[in-house]
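**Student:** Predicted structure and sequence below. I'll ask about it afterward.
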Amino acid sequence: MRPMISGRLRTWSAAGATLVALTGAAAAGPPAAAHGDNLGPAIEAIMHKAPYKHAQWGVLETDPANGRVIHSQFANQFFVPGSTVKLVTMSTAWRTVGPNHRFTTPVMATGTRTGSTLHGNLALVAQGDLTMGGRTKPDGSVDYTDIDHTEAAIPGATLTPENPLAGINQIARQIRRAGITRVDGNVIIDPRLFNLPDLDPQPTPLILNDNLIDLLTTPTTPGRPAKLFWRPQVAPYQVTSTVRTVARGGTTSVNVTTSPDGTRIRLSGTIAAGTQPLLRVSGIQDPNAFGRTALIEALARAGVTVSARPTGPNPQKQLPANYRNDPRVAAYVSPPYSQYAKLILKVSHNLGANLALCNMAVVRGSKNCFDAFPIEHDFLTRVAHIDPKQFQLADGRGGTPGERVTPRGLVELLTYWLHTPDATAFRRLLPILGVDGSNAISCTNCPAKGKVFAKPGTIIAADELNQELAATAQNEAGYLRTNDGRLLTFFVGVNGAATKDINSFISIFNDVNQITALLQEQASARY
């Protein structure tokens, strides 16, 4: 049976077999012991474990204060990057979109007003806001969990407590405060901000709850139906569950099936008593139709009636060419983009990273999200002064088969940041070893806890021949903070490892983090 894996432990695509083949090419070269760099017996012992028999390790550690190269193994060779690509994406977006930028999503009233009745349509003009208020905490920051709901296939994924429809509800209340109690017409989502790119996951101009329906199953008592919680509850989506609770120690296996249009979702299977709630998700296939219905329902809660049917396709053809003479009756204003950058890097938010390409293109006046790549090229060459030939990129998140990076390229990018006013802010966006984000689960009690700031990058695929998983890539790139406060830049990664299943893959993830911890300890002793 083919296992399913997503998010940080990267979902393989239909090109999974290609990934495996490409990994073989990337893994050519001598084993770790022949690299010629004295990393110490503890690190060498990790690199010689059985999963790495045919793998290749890459290491680069430098001291930016004096340019000294402390460790270097295959630093100029291409590696499969995984989500370390997000370092390039978000570095460019930070400069192009700007850390203080806020997305303002307006609702325009087309037609005429008679008292409190609008004879016309309400158009929500989508602006590429990643969360639309669905993660905003009372202090204005954006919430996340270390294993986010976008990673729902990973054990331990949890939900943030915020209402995914908070921004939509806020817009509806503003419309009511604008004096409108009836819309004699329609509600339309205007998605014309950018053209939908061929990316996975595909960014859309309007995103609610990461374009996902959350499905949380909680065990009850053995023999009884499990408890189901799902959100956001928007028509015509319906969720049913036949999941039953079995005895402690029993099998937990919850399957999700959907109708062709995604609006009928069914959960089946079992969950063991005494276990933690199990999170699954189902994709929203038509974000515009979903958002339209969500807004109509929010308007009803706010005391505004709409004559049009609440469900059905989004009537985009009814949109005007422009809104030059139409009043704005509501708007949702996002947190600053720095909060989105934190979300994207802390939990390796794939949709957000791909959306960042579209955000950058729009800032430069284009509807083509792939126009972000010339922006990235310009950033690397003219701003960071890095040879762009050290990167081969095709998306924003690091999930396409042909992508490659060199350890040196990533370390040069990290070094660039140390010479900018935002150096500390950028470093704190990265997962912190043993503390938060993607690296919270590793090294929780080691001396390096809280002293390694790094972006993981993971690609795994199915090895059908050997009935196991090909750990195509597991990398870390970031900063080591010595005990006296010195910052060193590093890359540690392995391409071409093998592992039995998803649970044993975690040991590879932890091995790479253990090496980064040992490098931090060595550096602290050295300085």
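**Tutor:** Right, received. Where do you want to start?

**Student:** From now on I want contacts and neighbour counts done on CA atoms only, so please keep to that.
**Tutor:** Fine.

**Student:** Quick one: end-to-end length of stretch 365-374, please.
**Tutor:** The separation between the terminal residues of stretch 365-374, taken as C-alpha to C-alpha, to the nearest Å, is 13 Å.

**Student:** And the helix or strand hosting Ala523, what does it pack against?
**Tutor:** Here Ala523, judged by DSSP states H and E, is contained in helix 502-526. For helix 502-526, the helices and strands in contact under the criterion 3 or more C-alpha pairs under 8 Å, 6 or more residues apart in numbering; DSSP states H and E are helix 41-47, strand 452-463, strand 468-481, strand 487-499.

**Student:** Export the ones you listed as CSV, with columns for mean neighbour count, distance to Asn354 and mean pLDDT.
**Tutor:** Shown next, in CSV, are the helices and strands packed on helix 502-526 (neighbours: other C-alpha atoms under 10 Å; distance: least, C-alpha to C-alpha, whole Å; pLDDT from 0 to 100):
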stretch, mean neighbour count, distance to Asn354, mean pLDDT
helix 41-47, 15, 33, 97
strand 452-463, 28, 15, 96
strand 468-481, 27, 20, 97
strand 487-499, 26, 23, 97
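
**Student:** buried sites along the helix holding Ala523?
**Tutor:** Within helix 502-526, the residues that qualify as buried by neighbour count (16 or more other C-alpha atoms under 10 Å) are 502, 505, 508-521, 523-524.

**Student:** ditto for stretch 244-253
**Tutor:** 244-247, 252.

**Student:** where do the helices sit along the stretch 1-150 of the chain?
**Tutor:** With DSSP state H, counting those that start in this stretch as the criterion, the stretch 1-150 of the chain has helices at 16-26, 41-47, 85-96.

**Student:** Between the ones you listed, which has the poorest mean confidence score?
**Tutor:** Per-stretch averages of pLDDT across those put helix 16-26 at the bottom, with a mean of 29.

**Student:** Excluding chain neighbours, what is closest to the spatially most central residue of the chain?
**Tutor:** Here the mean C-alpha position of the chain is nearest to the C-alpha of His349 (C-alpha atoms, centre = their mean), at a distance of 0.8 Å. Nearest residue to His349, sequence neighbours excluded (C-alpha to C-alpha, 6 or more residues apart in numbering): Leu343, at 6.8 Å.

**Student:** Just the element for that neighbour, please.
**Tutor:** Using DSSP H and E, Leu343 falls within helix 337-346.

**Student:** Moving C-terminal from that helix, which element do we reach first?
**Tutor:** As the chain continues past helix 337-346, the following element, by DSSP H and E, is helix 350-363.

**Student:** how many degrees apart are that following helix and helix 337-346 in direction?
**Tutor:** Angle of helix 350-363 versus helix 337-346, following axes from the mean of the first three to the mean of the last three C-alpha atoms, to 10 degrees, is 140 degrees.

**Student:** who touches helix 350-363?
**Tutor:** Surrounding helix 350-363, the residues in contact under the criterion C-alpha atoms under 8 Å, 6 or more residues apart in numbering are 7, 86, 89-90, 93, 96-97, 128, 130, 193-194, 199-204, 210, 340, 344, 367-373, 375, 395-397.

**Student:** mind listing what's buried in it?
**Tutor:** Buried residues in helix 350-363 (16+ other C-alpha under 10 Å): 350-362.

**Student:** Send over that helix as PDB, restricted to the C-alpha atoms.
**Tutor:** Presented in PDB, the C-alpha positions along helix 350-363 are these (Å, rounded to 0.1, in the frame of the first residue of the first chain):
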ATOM      1  CA  ASN A 350       3.900  25.400   0.600                       C
ATOM      2  CA  LEU A 351       0.900  27.400  -0.600                       C
ATOM      3  CA  GLY A 352       2.200  30.600   0.900                       C
ATOM      4  CA  ALA A 353       5.600  30.200  -0.700                       C
ATOM      5  CA  ASN A 354       4.000  29.600  -4.200                       C
ATOM      6  CA  LEU A 355       1.700  32.500  -3.500                       C
ATOM      7  CA  ALA A 356       4.800  34.700  -2.800                       C
ATOM      8  CA  LEU A 357       5.800  34.300  -6.400                       C
ATOM      9  CA  CYS A 358       2.400  35.700  -7.500                       C
ATOM     10  CA  ASN A 359       2.600  38.500  -4.900                       C
ATOM     11  CA  MET A 360       6.000  39.500  -6.300                       C
ATOM     12  CA  ALA A 361       4.700  39.500  -9.900                       C
ATOM     13  CA  VAL A 362       1.700  41.600  -9.000                       C
ATOM     14  CA  VAL A 363       3.900  44.200  -7.200                       C
END
